[in-house]
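> Generate a structure from the sequence data that follows.
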Amino acid sequence: MPAISPDRLGDRLRTDGDDVVVLDIRHEQAFEEWHVPGSINVDAYDELTADPESAKDALAELPEDGQIVTVCAAGVVSQTATDVLREMGYDAVTLTDGMNGWSRVHRHASVPADLDGTLIQVARPGKGCLSHVLVSDGEAAVFDPSHYLDEYEAVLDEHDAELVGVFDTHAHADHVSGAADLAERRGVPYYLHPKDALAVDATPLADGQVFEVGTVEIEVVHTPGHSEGSISFDVGGAALLTGDTLFHDSVGRVELGVEAGIEDSDIEQNAATLYESLQRLLARPDGALVLPAHDPGSPEPPVTATLGEVRDRNADLGRDREEFVEALASDVPDHPPNFERVKRTNVGQESVPADELAELELGPNNCAAE
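The predicted structure is shown next:
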């Protein structure tokens, strides 16, 4: 079967995107919730499943120049689409593993931060996830890694750095963290705030605590609200790793822990707490780079903005306390898929078999308030 790997498709979309048409044949609702950026949707799933010949009318108006990459959830029905299109004379290939495969793609690039070392951003465009690796004087720390650990091992090897610690900014709700497993694999501490480490063997983080990685100091800033244990990290005064507390155009949502049944607080209380946490971050220098743990726009690293730029463009930061609490508590967007199980897994209350992790994570990132 003619096929293209998710990594190869990602490379082509970056370099010669005009020569490829990504055709998503899933139902329209599934496409609208989550898709490869720039793809088009022809809802031919039912026809391709029941009677492939009947799908030809729906597929007849596709562009004839360039290669067509067919996409479905797992790369099965899209193989049928590829067969039909090739019969019709199109140059068509199938995206291996479909959206499942797309969610595994990782890319990395250096962040232009004024540090005595190198800060690398690892982006997972299919999930909108961002993690970071700090390298200084032969030592390294990893922040918010996915469970695809080889991606981080490759960065450490590329920089010939010794890992000294793995950190999570919080217990994530949209993807399963690989931080504890990476720390165990390398024999180093896994750090998580105790408010989020409900049943996890983690080294606790405390507000104001300072770590050294090589010659760079990292300050722990407790910024609860999105979760009770949410942490931001001030990296050498040059960068703020803000987790899901502060995004470039939004802020963290405040109800996920409550609705997952792992927090005793209520949504209004969390929103008020988040407001106070954001004031702490806004007191930092305007030139510091804001590096969140997510960007829903299929991020191409490095995704950066200064705190001053975020202050100017982020409408949530212009609200007073009362308006802020009312807005976040009343306008609740769609939840990340399976967020209850993902959240419980990351706080240690549930164990998910390794062969189920990819399916558990499938879907869009919805960790920002709207």
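
> pretty sure residue 213 is touching residue 162, no?
No. Applying C-beta atoms under 8 Å, one finds residue 213 not in contact with residue 162, separated by 10.1 Å. To be clear about C-beta, it is placed using only N, CA and C from the backbone, and glycine gets the same treatment.

> More neighbours: the two, which one.
Shown here are residue 213 and residue 162; by other C-beta atoms under 10 Å, residue 213 has more neighbours (22 against 13).

> phi, psi of the more buried one?
Dihedral pair for residue 213: phi -120, psi 110, per degrees, to the nearest 10.

> ok, now residue 159?
Backbone geometry at residue 159, expressed as degrees, to the nearest 10, gives phi -100, psi 10.

> That one and residue 140 touch, don't they?
Yes. Contact criterion C-beta under 8 Å: residue 159 and residue 140 qualify, at 6.9 Å.

> Identify the contacts common to these two.
By C-beta atoms under 8 Å, 6 or more residues apart in numbering, residue 159 and residue 140 have these common neighbours: residue 133.

> hey, what's in contact with both of residue 213 and residue 162?
Taking C-beta under 8 Å, 6+ apart as the criterion, residue 213 and residue 162 both touch 139, 140.

> which stretches of the stretch 101-250 of the chain aren't confidently modelled?
Of all residues in the stretch 101-250 of the chain, none has pLDDT under 70.

> can you give me the strands for it?
Counting by DSSP state E, counting those that start in this stretch, the stretch 101-250 of the chain has these strands, from start to end: 107-111, 118-124, 129-136, 139-143, 162-167, 190-192, 203-204, 210-213, 216-222, 231-235, 239-243.

> Packing partners of the longest one?
Right, the one you point to is strand 129-136. With contacts taken as 3 or more C-beta pairs under 8 Å, 6 or more residues apart in numbering; DSSP states H and E, strand 129-136 sits against strand 118-124, strand 139-143, helix 150-158, strand 210-213, strand 216-222, strand 289-292.

> With distance to residue 355 added, can I get those in CSV?
Shown next, in CSV, are the helices and strands packed on strand 129-136 (distance: least, C-beta to C-beta, whole Å):
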stretch, distance to residue 355
strand 118-124, 19
strand 139-143, 24
helix 150-158, 17
strand 210-213, 34
strand 216-222, 35
strand 289-292, 30
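
> So which of these is nearest residue 98?
Closest approach to residue 98 among these is made by strand 118-124 (16.2 Å; C-beta to C-beta).

> out of the helices and strands packed on strand 129-136, which comes closest to residue 100?
Across the helices and strands packed on strand 129-136, residue 100 has its closest neighbour in strand 118-124 (13.1 Å, C-beta to C-beta).

> Okay, now the sheet partners of the closest one, with direction.
Under the criterion DSSP bridges, strand 118-124 sits next to strand 107-111 (antiparallel), strand 129-136 (antiparallel) in its sheet.

> now that strand: how far from the chain's centre is it?
What separates the centre of strand 118-124 from the centre of its chain is 12 Å, taken as C-alpha atoms, centre = their mean, to the nearest Å.

> Now do it against strand 139-143: the angle between them, please.
Orientation check (axes from the mean of the first three to the mean of the last three C-alpha atoms, to 10 degrees): strand 118-124 against strand 139-143 gives 30 degrees.

> what's in contact with strand 118-124?
Residues from elsewhere that reach strand 118-124 (C-beta under 8 Å, 6+ apart): 103-111, 113, 129-136, 145-146, 151-152, 155, 159, 175, 235, 239, 291, 295, 299-304.

> Stretch 318-327 now?
If you take C-beta under 8 Å, 6+ apart as the criterion, stretch 318-327 is touched by 268, 271, 272, 274, 275, 316, 369.

> got it, and stretch 29-37?
For stretch 29-37, contacts defined as C-beta under 8 Å, 6+ apart pick out 9, 13, 22, 24, 39, 41, 43, 71, 73, 95, 99, 102, 125-126, 297-298, 334, 363-364.

> What about those residues, which are in helices?
When the contacts of stretch 29-37 are checked against helices (DSSP state H), the matches are 9, 13, 99, 102.

> Run a quick neighbour tally on the second one.
This points to residue 13. Neighbours of residue 13 using other C-beta under 10 Å come to 19.

> cool, and residue 187?
Around residue 187 there are 7 residues (other C-beta under 10 Å).

> how far away is it from residue 253?
For residue 187, the distance to residue 253 (C-beta to C-beta, to the nearest Å) stands at 35 Å.

> circling back: kindly give a single ChimeraX line that selects the buried subset of the contacts of stretch 29-37.
Typed into ChimeraX, the line below selects the buried ones among the contacts of stretch 29-37, using 16 or more other C-beta atoms under 10 Å:
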select :9,13,22,24,39,41,71,73,95,99,102,125,126,298,363,364
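
> quick one on the thing from earlier: can you name the two of the ones in helices among the contacts of stretch 29-37 that sit furthest apart?
Most distant of those, by C-beta to C-beta, are 13 and 99, 14.6 Å apart.

> mind listing what's buried in stretch 21-34?
Neighbour-count burial for stretch 21-34, counted by 16+ other C-beta under 10 Å, picks out 21, 22, 23, 24, 25, 26, 27, 30, 31, 34.
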